[in-house]
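Asker: structure for the following, please:
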Amino acid sequence: MLFWALAPLLFGQPALTASIEENRQVIRRAVQLFDQSESNWTRFHYLRRREVREFETGGKIRSKRSFTHRNEAYQEIDVLRLIARDDKPLTATEAAQQEERLKTTLANHRARQTSASKPRPRRSVEEEMQLMREFPEALDYRLTGNERLRGRTANIYEFTPRPGYSPKSFKYRVFEKIRGRIWTDESSGEMIQVEAEVFENVGVGFGILGKINKGTRFFMSRTEAAPGIWMPASQRIHFEARVLLVKNMRQEIDVNFSEYKLKPAKVASSESPPRPKP
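Answerer: Below is the predicted model of the structure:
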């Protein structure tokens, strides 16, 4: 019995002697694959549920609301159709309003086609990807073992702030105060899961623009939506922040994706909506 209890430690774990720089290269590759996966949003239809909870100072929930959208074909374009609010189907009036919004979206698309102009990517999405690309450079990684995660063998890396790291802008200062773990698929190198926590308050703009409070947490998991194609499964962020010395925000946001379905090859195109906002 003792042998079998120790066997995973003796034979089932990855080599833990890799250097920090070797580990960093693994994470760079995982982030590159994550970056490349952005284009895969145009290949799927899916369901997305987003729930936002706001808290009072003592931690009691002040409000909770949720929105469920289905990404689907709408004539010659793809749209995010709101199908439920607070897990209840839309009323007849809300459904009619939704239809009018979709008609407007279609008309705007056709106008862009006529003018030969293309929609610009949302600035928030690009800023988020820039933050993700900095992830390997701002932190140090230590391989701690592996485990089975959603049917895959995943290597586990713990990360902490990189000594001597100099943030390129105030947006990257959060890297100086976070720690967590990242799971990468042993066979493909894809990022399967990430969890991170801010362990000290982070001031933005010397604390004048705002502050991200200690205890802010982030979680993300991904799934193989089709062979070799990885997509988000869930995201959660729990944060307390102060904005411009005035407004305190205490929120938890959950986003879950499901029912991924590959579009027929002739349908998948650049006219699909960009990655939805978490």
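
Asker: please count neighbours and contacts with C-alpha atoms only from this point.
Answerer: Fine.

Asker: which parts of the chain are strands?
Answerer: Assigned strands in the chain, in chain order: 44-55, 61-74, 77-85, 88-89, 139-149, 152-161, 178-185, 191-198, 202-204, 210-212, 217-226, 229-243, 247-262 (criterion: DSSP state E).

Asker: to Arg24, which of those strands lies closest?
Answerer: Minimum separation from Arg24 across the strands of the chain (C-alpha to C-alpha) falls at strand 139-149, 6.3 Å.

Asker: check which helices and strands that closest one is in contact with.
Answerer: Contact here means 3 or more C-alpha pairs under 8 Å, 6 or more residues apart in numbering; DSSP states H and E; on that basis strand 139-149 packs against helix 20-36, strand 152-161.

Asker: run through who's touching the first one.
Answerer: Contact with helix 20-36 is made by 129, 132-133, 135-137, 140-143, 184, 189-191, as judged by C-alpha atoms under 8 Å, 6 or more residues apart in numbering.

Asker: just the buried residues of it, please?
Answerer: Asn23, Arg24, Val26, Ile27, Arg28, Arg29, Ala30, Val31, Gln32, Leu33, Phe34 (16 or more other C-alpha atoms under 10 Å).

Asker: just to revisit the earlier point, farthest-separated two in the contacts of helix 20-36?
Answerer: Met129 and Leu143 (24.2 Å).

Asker: higher neighbour count, these two?
Answerer: Each of Met129 and Leu143 had its neighbours counted (other C-alpha atoms under 10 Å), and the higher figure belongs to Leu143 (22 against 15).

Asker: for Ala265, see how far away the residue nearest to that one when sequence neighbours are not counted is.
Answerer: Spatial nearest neighbour of Leu143, excluding adjacent residues (C-alpha to C-alpha, 6 or more residues apart in numbering): Tyr157 at 4.4 Å. Per C-alpha to C-alpha, to the nearest Å, Tyr157 is found 37 Å from Ala265.

Asker: just list whatever residues bridge to Ile61.
Answerer: Phe55 (DSSP bridges).
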